[in-house]
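S.K.: using only what follows, build the 3D model:
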Amino acid sequence: MTRKRCIKILMEAIGSSKYRQTEKAFLVCQKIAREDVPNVSNENVLIAMLFKGADMAGDMEDLEIEMRCMARGTWLRMRQSMKYNRPFQGGAA
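M.R.: Numbers count the residues shown, from 1 in each chain. Predicted coordinates for the structure are as follows:
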C-alpha cells in the first residue's frame, strides 16, 4: 500500500482534512517503527496508528472516531491475514 493511500485512510478514519499534518504524523510513526523493524510496511504502520488512535479516542470519549479507527484497523488486519493465508491453502488434487 502506498504512503499516500495510507495517509488518506488515516485522514478518513480520524476525520481530518489536513493532509500535511497527517503526513507528518505518519512519517514520524514510520521512522519510530523502522528503528525496531527495518523493513516495516506502510500498512503495518497504518494499522498500528489506527488502533492507537482508537485507544486515544476511547480515552477522550469520542465514540465516532474510536469506532471508525477500530473498524478500519480490523478490516485492514483481516485483509492482510487473508493475503498471507492464501498461498498456504493448497490446491485441488
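
S.K.: just the mean pLDDT for the helix or strand in which Glu64 is found, thanks.
M.R.: For Glu64, the enclosing helix or strand under DSSP states H and E is helix 63-85. For helix 63-85, mean pLDDT is 87.

S.K.: so what touches it?
M.R.: 9, 12-15, 43, 46-47, 50-51, 53-54, 57-58 (CB atoms under 8 Å, 6 or more residues apart in numbering). Bear in mind the C-beta positions are built from the backbone N, C-alpha and C, glycine included.

S.K.: restricted to buried residues, select the residues you listed in ChimeraX.
M.R.: A single ChimeraX command selects the buried members of the contacts of helix 63-85 (16 or more other CB atoms under 10 Å):
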select :9,13,14,43,46,47,50,51,53,54,57
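
S.K.: Serialize the contacts of helix 63-85 to TSV and add fields for pLDDT, distance to Asp36 and secondary structure.
M.R.: TSV is the format used below for those (pLDDT from 0 to 100; distance: CB to CB, whole Å; DSSP: H, G, I helix; E, B strand; the rest coil):
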residue	pLDDT	distance to Asp36	secondary structure
Ile9	93	22	helix
Glu12	91	27	helix
Ala13	91	23	helix
Ile14	88	24	helix
Gly15	88	29	coil
Glu43	93	16	helix
Leu46	94	16	helix
Ile47	94	15	helix
Leu50	93	18	helix
Phe51	92	16	helix
Gly53	89	19	helix
Ala54	90	21	helix
Ala57	87	24	helix
Gly58	85	25	helix
